[in-house]
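[1] kindly return the folded structure for what I paste below:
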Amino acid sequence: MVLPVANPETFPVLESTRLRLRQILPTDAPQLFDLYDEPEVAKYLDIEPLSSLEEAQELVEAYRQGFVQGHNLYWAITQQSSEELIGTVGFFFLPDGESAELDFELLPYHWNQGIISEALALALEFARESLGLTHIEAYVVKENPASIRVLEKLGFSLEARLEGEFDTEAGRLDALMYVKR
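    Numbering: from 1, shown residues only. Model prediction:
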């Protein structure tokens, strides 16, 4: 997967009536820290929680470098009325060049408003039409029924059950692998 060099002029910005998906910027580090530090979000993640603003800044740089190197494409989810990051959605590209892993998070204050479904629909359309991706995987812990419902609503199918796959704040949890072809 070859992507353009990451900068605000070439990074793909996706928009709907109420949402804007844009590049994650260094100024987003405080909100990114809040997102990954939020207990209701962290309990479903298979990454170590961020312990400082500096770690959030390092994550922003890792997303930028991943984009420059063609390994990922990660957006900040914002509302049209504000530039403040309220969540993230992104793809980590798999080696075959036609597949990616989908990842997404949203601050709990914005749950149950259709925001993540709308953001994912924008990203998935871009993945198919502009990137030519034909296989998209998403992993979710089985204890996260809201994310499961979102994936199923967007046409993902359950492909596999993976015992103890996610190492989370709550311990090792079983994951479900969903696929959209």
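[2] all contacts plus neighbour counts: C-alpha atoms, from now on.
    Fine.
[3] against which helices or strands is the longest strand along the chain packed?
    As assigned by DSSP state E, the longest strand anywhere in the chain is strand 157-168. On a contact count with 3 or more C-alpha pairs under 8 Å, 6 or more residues apart in numbering; DSSP states H and E, strand 157-168 meets strand 171-180.
[4] direction included, what does the strand it packs on pair against?
    strand 135-141 (antiparallel), strand 157-168 (antiparallel) (DSSP bridges).
[5] please, where are all the strands along the protein?
    Under DSSP E, the chain gives strands at 14-15, 19-23, 72-79, 87-93, 99-106, 135-141, 157-168, 171-180.
[6] possible to save those as CSV with mean neighbour count, mean pLDDT and distance to residue 118?
    Listed next are the strands of the chain as CSV, based on neighbours: other C-alpha atoms under 10 Å; pLDDT from 0 to 100; distance: least, C-alpha to C-alpha, whole Å:
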stretch, mean neighbour count, mean pLDDT, distance to residue 118
strand 14-15, 18, 97, 10
strand 19-23, 23, 97, 8
strand 72-79, 24, 97, 10
strand 87-93, 22, 97, 11
strand 99-106, 20, 96, 12
strand 135-141, 22, 95, 16
strand 157-168, 16, 84, 18
strand 171-180, 18, 88, 16
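[7] just the residues contacting the longest strand of the chain, thanks.
    42-48, 141, 151, 172-180 (C-alpha atoms under 8 Å, 6 or more residues apart in numbering).
[8] rerun at 6 Å
    43, 45, 46, 172, 173, 174, 175, 176, 177, 178, 179 (C-alpha atoms under 6 Å, 6 or more residues apart in numbering).
[9] stretch 10-20 now?
    21, 22, 78, 79, 80.
[10] and the gap between the last one and residue 21?
    Shown here: residue 80 relative to residue 21, a distance of 9 Å by C-alpha to C-alpha, to the nearest Å.
[11] next: the third one.
    Distance, residue 78 to residue 21, by C-alpha to C-alpha: 6 Å.
[12] relative to the centre of the chain, find the outermost residue for me.
    Distance from the C-alpha centroid of the chain, by C-alpha atoms, centre = their mean, peaks at residue 163 (22.3 Å).
[13] any idea how far apart the tips of stretch 93-109 sit?
    30 Å.
[14] from the chain's centroid, how far away is that stretch?
    5 Å (C-alpha atoms, centre = their mean, to the nearest Å).
[15] just stretch 37-53 next, same as before
    On C-alpha atoms, centre = their mean, the centre of stretch 37-53 falls 14 Å from that of its chain.
[16] please point out which parts of it sit buried.
    Residues 37, 38, 41, 42, 43, 44, 45, 46, 49, 50 are the ones in stretch 37-53 that count as buried (16 or more other C-alpha atoms under 10 Å).
[17] cool, and stretch 114-121?
    Buried-residue list, stretch 114-121, by 16+ other C-alpha under 10 Å: 115, 116, 117, 118, 119, 120.
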